[in-house]
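Asker: Fold the following for me, if possible:
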Amino acid sequence: MTPEQRHRISDYISTHLPVEGELHFKAFKGGASNLTYSVKDERQEWIMRTSPPGTKAKGAHNMQREYTLLQNIFPVFPLCPEVVLLCQEHEVFERDFYLMNPIHGIIIRQQLPTIYENTDLSLLCCELIKIHHQLHQAPIDNLQQFNKGPGYIERQISGWIHRYQRVAPEQDLAPEVMKWLTQHMPDDNRDYALIHNDYKFDNVVFDQQNTTKIIGVLDWELTTIGDPLMDLGCSLAYWFEGGDNEHLKKISMMPTYLDGMLTRDELVHQYALLSGTEIDNYHYYYVYGLFRLAVIVQQIFYRYEKGQTDNPTFKPLGLVRDLVLQQALQQLK
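Answerer: You can find the predicted model right below:
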C-alpha cells in the first residue's frame with residue numbers, strides 16, 4: 001500500500017468512523033488469499049480486509065459479499081468478527097475493502113505456542129470440533145440469500161473441477177481424483193447449514209486466559225449455506241496426522257500431527273457424537289477436501305507463475321499441490 005493510498009483510506013475512514021489522531025497501517029504477514037491490515041488510531045484498532053491484485057477466480061475475493069455475510073452471521077453466531085465499514089469507492093482505493101473489530105487471543109499456526117507445552121492437546125481438538133458443530137447449528141433464516149438450493153454437492157464438485165481445469169499444470173495428477181469424485185457423489189439429502197469452508201486451527205482464536213476455549217472464528221471468505229459434511233471434509237484436508245507421509249507433515253500449516261492431537265478418525269467420531277449423525281464412511285468428503293485444497297493452492301501458484309504476485313513463499317506451492325493430490329490418490333485405493 002502506497003503512502004498516497006494510506007492517506008486516501010485514512011480520510012475515508014475518518015469521515016465514517018470516530019477516529020482519534022493519525023491512522024497507522026500494518027500489513028499482517030502470511031496468508032495467501034485476501035490481504036489483511038491492522039489499522040490503529042490513538043485508542044482503538046480495526047482490521048482491514050481487501051482482495052489481492054491481479055487475476056482472480058470468478059466469485060472469489062468478493063468484499064461486499066463477505067461484509068454482508070458477516071453482518072448477517074454476527075447476530076446468530078457472535079464468534080465471527082463484527083464488521084463496521086465497507087468501502088466500494090475506487091477513487092479511495094482501487095479495490096473494495098471493509099473494516100471489522102479485532103478479536104485478540106491465541107492463534108495456533110505451524111508451531112504449537114509454548115503456552116500449550118503442558119496442555120492435553122486433545123482438549124484443543126475437541127473444542128475445535130465443538131465450535132464447528134455449533135457453527136453448523138446456527139439459525140440460517142436470515143442467510144437465505146446465500147442459499148442456492150438443492151444440488152450443493154454437485155455444484156461443488158463441478159465448480160472446483162472447472163476452476164482447476166482453468167489453471168491446471170502440464171504435469172497433472174488430478175484427473176483420476178476428479179473422475180472418482182464425479183462417479184462416487186453421495187446422495188445430496190442432508191439438511192443444509194451455515195458452513196465456513198476454511199475452518200481450522202489457524203482460523204480460530206483461543207482465549208489468552210482460558211487457553212482451550214475458542215473466542216473467535218476468522219476468515220469467512222468462502223462461507224455459504226450447504227452440506228455440513230462437505231465442510232467437515234474441507235477441514236480434514238488440512239489435518240495431517242502422525243502416520244501421514246513425512247513430506248505432508250513438513251508442509252503442514254498447523255501442528256495437528258503432534259502426539260496428543262486427535263486423528264482424523266477421532267475428529268469425525270467426535271463430530272458424529274455431537275451432531276447425532278452417522279458417518280460410516282467420510283472418505284468421499286475427505287477426498288473432496290483434499291482436491292479443493294489442491295485447487296486453491298494451484299490457483300495461487302498459477303498467479304505466482306504468471307508474475308501476478310512476487311511473494312517468494314508461493315514458489316514451492318507446485319510441490320505442495322502434488323503432495324496433496326498424492327494424498328487424495330492414496331484414499332482411492
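Asker: Do me a favour and get the backbone dihedrals for the spatially closest residue to V167 that is not a sequence neighbour.
Answerer: Nearest residue to V167 in three dimensions, chain neighbours excluded: Y302, at 4.0 Å (C-beta to C-beta, 6 or more residues apart in numbering). Where C-beta positions appear, they are placed from N, C-alpha and C, glycine not excepted. Dihedral pair for Y302: phi -60, psi -50, per degrees, to the nearest 10.
Asker: swap in the one 3 residues further on?
Answerer: As for E305, its main-chain torsions (degrees, to the nearest 10) stand at phi -60, psi -30.
Asker: tell me the pLDDT at it?
Answerer: The per-residue pLDDT reported for E305 equals 87.
Asker: Equivalent analysis for N245, please.
Answerer: For N245, the predicted pLDDT is 89.
Asker: same thing with G31?
Answerer: The model's pLDDT for G31 equals 54.
Asker: do the same with the one 5 residues further on
Answerer: Here the pLDDT value assigned to T36 is 93.
Asker: what about it, which helix or strand?
Answerer: strand 35-40 (DSSP states H and E).
Asker: Could you list every helix and strand in contact with that strand?
Answerer: With contacts defined as 3 or more C-beta pairs under 8 Å, 6 or more residues apart in numbering; DSSP states H and E, strand 35-40 has these neighbours: strand 24-27, strand 45-50.
Asker: looking at these, which is buried most?
Answerer: Across these, the average number of neighbours (mean count of other C-beta atoms under 10 Å) peaks for strand 45-50, which reaches a mean of 20.
Asker: quick one on the thing from earlier: with distance to F240 and mean pLDDT as added columns, please give the helices and strands packed on strand 35-40 in JSON lines.
Answerer: Below are the helices and strands packed on strand 35-40 laid out as JSON lines (distance: least, C-beta to C-beta, whole Å; pLDDT from 0 to 100):
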{"stretch": "strand 24-27", "distance to F240": "28", "mean pLDDT": "95"}
{"stretch": "strand 45-50", "distance to F240": "27", "mean pLDDT": "96"}
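Asker: Any chance of TSV for those, columns distance to P18?
Answerer: Formatted as TSV, the helices and strands packed on strand 35-40 follow (distance: least, C-beta to C-beta, whole Å):
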stretch	distance to P18
strand 24-27	16
strand 45-50	12
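Asker: Of these, which is nearest H162?
Answerer: strand 45-50 (25.8 Å; C-beta to C-beta).
Asker: follow-up on the earlier one: ok, the residue nearest to V167 to R166 distance?
Answerer: To R166, Y302 is 9 Å away according to C-beta to C-beta, to the nearest Å.
Asker: ditto for L274
Answerer: 37 Å.
Asker: mind listing the strands for the stretch 151-300 of the chain?
Answerer: 193-195, 204-206, 214-217, 224-226 (DSSP state E, counting those that start in this stretch).
Asker: which strands and helices sit next to the third one?
Answerer: Read that as strand 214-217. Applying 3+ C-beta pairs under 8 Å, 6+ apart, one finds that strand 214-217 makes contact with helix 121-137, strand 204-206.
Asker: got a list of what the residue nearest to the spatial centre of the chain touches?
Answerer: With distances taken as C-alpha atoms, centre = their mean, D198 lies nearest the centre of the chain, 2.7 Å away. Applying C-beta atoms under 8 Å, 6 or more residues apart in numbering to D198 gives the contacts D219, E221, L222, C234.
Asker: R264 too?
Answerer: L236, W239, E241, Y286.
Asker: And the pLDDT for it?
Answerer: 97.
Asker: What distance do you get for it to I131?
Answerer: From R264 to I131 the distance is 18 Å (C-beta to C-beta).
Asker: quick one on the thing from earlier: mind listing what's buried along the strand holding T36?
Answerer: By 16 or more other C-beta atoms under 10 Å, the buried positions in strand 35-40 come out as L35, T36, Y37, V39, K40.
Asker: mind listing what the closest residue in space to the second one that isn't next to it in sequence touches?
Answerer: So that's T36. Closest residue in space to T36, ignoring its immediate chain neighbours: F28 at 4.5 Å, by C-beta to C-beta, 6+ apart. By C-beta under 8 Å, 6+ apart, the contact list for F28 reads T36, Y37, S38.
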